[in-house]
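**Student:** Here's a sequence, model it:
(one chain, ligands or ions: 1)
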Amino acid sequence: MKMTFRWFGENQDPISLQEIRQIPGMTGIVTSLLDIPAGEAWPEERIKAVTEAVTKAGLKVEVIESVNIHEDIKLGASGRDEKIANYILTIERLAKYGIKCICYNMMPVLDWARSHLYYDLPDGSNTMRYQASFMDDITPEALAERYAKESDVYEMPGWEPERMKKINELLKSYEGMTTDSFYANMKYFLDAIIPHAEKADIKMAVHPDDPPLPIFGLPKLIISHENIRRYLDLNPSKYNGLTLCTGSLGAKKGSDIPAMIREFGAEGRIHFTHVRNLKFENDTDFYESAHLSSCGSLDMYAIMKAFHDVKFEGWIRPDHGRMIWDEIAKKGRPGYGLYDRALGTNYLLGLWEAICRNNSC
Ligand SMILES: [Mn+2]
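**Tutor:** Residues are numbered from 1 along each chain as shown. Sure thing, here's the model as predicted:
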């Protein structure tokens with residue numbers, strides 16, 4: 001298991017690589033080039049610059065999160081072949097600089113969504129929250145405006161104002177899309193890229209839809225054990241794998257995350273994992289809690305034990321944390337402050353050490 005931390009890049013993140021390096025047990029960085037639009041090939045000099053900056057800081061970058069998928073690919077639209085060719089170019093260029101895993105998602109139109117970015121908790125911290133009734137009553141434009149106002153220093157990936165201008169057009173393009181045709185479009189993409197990922201030795205790791213609930217009538221496919229199985233079966237290569245995100249899968253009540261880890265992990269299909277906790281307020285509403293089992297609704301010990309039992313050797317990172325210790329003043333990206341994720345890291349490493357010692361490995 002290799003412990004990593006998400007860093008959004010120079011001028012994109014208030015947290016420095018030096019601060020991340022000081023987290024005990026931290027070895028790697030997960031990053032991206034946020035300004036390159038989906039569908040374009042990543043310029044080699046940019047990849048070189050970011051990997052060199054991370055190496056210079058004493059850390060390693062082996063995972064990219066994310067190389068985003070253009071809507072034409074998800075929709076099976078006529079422009080998809082050109083975008084797929086650029087995706088393959090990006091895979092080949094990333095491989096030259098030591099990248100071993102690419103995280104991406106198949107969420108239509110929108111990236112992850114929450115009703116509240118800074119929801120106050122009784123202990124004085126704040127966190128992200130998902131309240132279903134709030135989401136039912138809001139338009140995508142109003143939600144984007146709210147995000148822009150609340151997170152006013154950094155644009156939220158997937159919710160960029162430029163993109164939001166075309167939101168209704170984008171939503172419309174999914175009208176009439178059936179589950180079968182969506183899977184067919186995914187298969188077309190996977191069959192095109194996976195042979196190149198194999199050659200480049202880069203593991204592709206799809207991230208589940210977050211949250212695993214329908215928003216604005218859009219189809220949500222990567223949300224459950226059954227759907228993940230169908231996605232992995234679209235292309236049987238081990239290079240077609242999963243980013244197991246406990247917070248995304250866990251937001252669907254009743255999901256048995258340890259069972260998924262045991263099944264997909266034993267098959268060597270989990271390459272990357274985001275491990276975080278959340279606290280259910282009722283069947284659909286939740287807020288993102290501190291990582292400890294006692295703070296949320298997920299059993300973090302059972303999750304880490306399952307990873308241990310399948311001999312997980314991929315990359316792990318703590319995921320969204322709360323904003324604590326006046327961090328809000330530093331304007332961290334929602335969910336991506338330094339302190340709570342650093343605490344989460346060490347909680348996960350503590351669980352791991354105890355599990356390993358108890359199992360004499
Ligand atoms: Mn995640």
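**Student:** Up against the ion, what does the stretch 251-361 of the chain have?
**Tutor:** Neighbours of the ion within the stretch 251-361 of the chain, by CB under 5 Å from the ion: His274. Using the backbone N, CA and C atoms, a C-beta is placed for each residue, glycine as well.
**Student:** Report the closest residue of the stretch 251-361 of the chain relative to the ion.
**Tutor:** Residue of the stretch 251-361 of the chain nearest the ion, by CB to the ion: His274 (3.5 Å).
**Student:** In the stretch 101-250 of the chain, which residue sits nearest the ion?
**Tutor:** For the stretch 101-250 of the chain, CB to the ion, closest residue to the ion: Cys245, 3.2 Å.
**Student:** Show me what that residue bridges to in the sheet.
**Tutor:** The partner list for Cys245 in beta bridges (DSSP bridges) reads His274.
**Student:** Now do the same contact list for it.
**Tutor:** Neighbour list for Cys245: 207-208, 210, 273-274, 276, 319 [criterion: CB atoms under 8 Å, 6 or more residues apart in numbering].
**Student:** Sketch out the low-pLDDT regions of the stretch 1-150 of the chain for me.
**Tutor:** By pLDDT under 70, the stretch 1-150 of the chain contains no weakly predicted segment.
**Student:** Repeat the analysis, applying 80 as the threshold.
**Tutor:** 110-111, 148-150 (pLDDT under 80).
**Student:** where along it do the strands fall?
**Tutor:** For the stretch 1-150 of the chain, applying DSSP state E, counting those that start in this stretch gives strands covering 2-6, 28-31, 60-65, 101-105, 116-120, 126-130.
**Student:** Which one of the ones you listed lies nearest to Ile20?
**Tutor:** strand 2-6 (4.9 Å; CB to CB).
**Student:** Name every strand pairing with the closest one and say which way it goes.
**Tutor:** Sheet partners assigned to strand 2-6 using DSSP bridges are listed as strand 28-31 (parallel), strand 315-318 (parallel).
**Student:** What angle do strand 60-65 and that strand make with each other?
**Tutor:** Relative orientation of strand 2-6 and strand 60-65, computed by axes from the mean of the first three to the mean of the last three CA atoms, to 10 degrees: 60 degrees.
**Student:** which residues touch strand 2-6?
**Tutor:** Strand 2-6 is contacted from outside by 20, 23, 25-31, 62-63, 65, 313-318, 336, 341, 345, 348-349, using CB under 8 Å, 6+ apart.
**Student:** What's the PyMOL syntax to select whichever of those residues are buried?
**Tutor:** Listed next is the PyMOL selection for buried residues among the contacts of strand 2-6, using 16 or more other CB atoms under 10 Å:
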select buried, resi 20+23+26+28+29+30+31+62+63+65+314+315+316+317+318+336+341+345+348+349
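**Student:** May I see the buried residues of the longest helix anywhere in the chain?
**Tutor:** Looking across the chain with DSSP state H, the single longest helix is helix 179-200. Buried residues in helix 179-200, defined by neighbour count with 16+ other CB under 10 Å: 182-183, 185-186, 188-190, 192-194, 196-197, 200.
**Student:** and if you look at stretch 140-158?
**Tutor:** Going by neighbour count (16+ other CB under 10 Å), the buried part of stretch 140-158 is 140, 143-144, 147, 151, 154-158.
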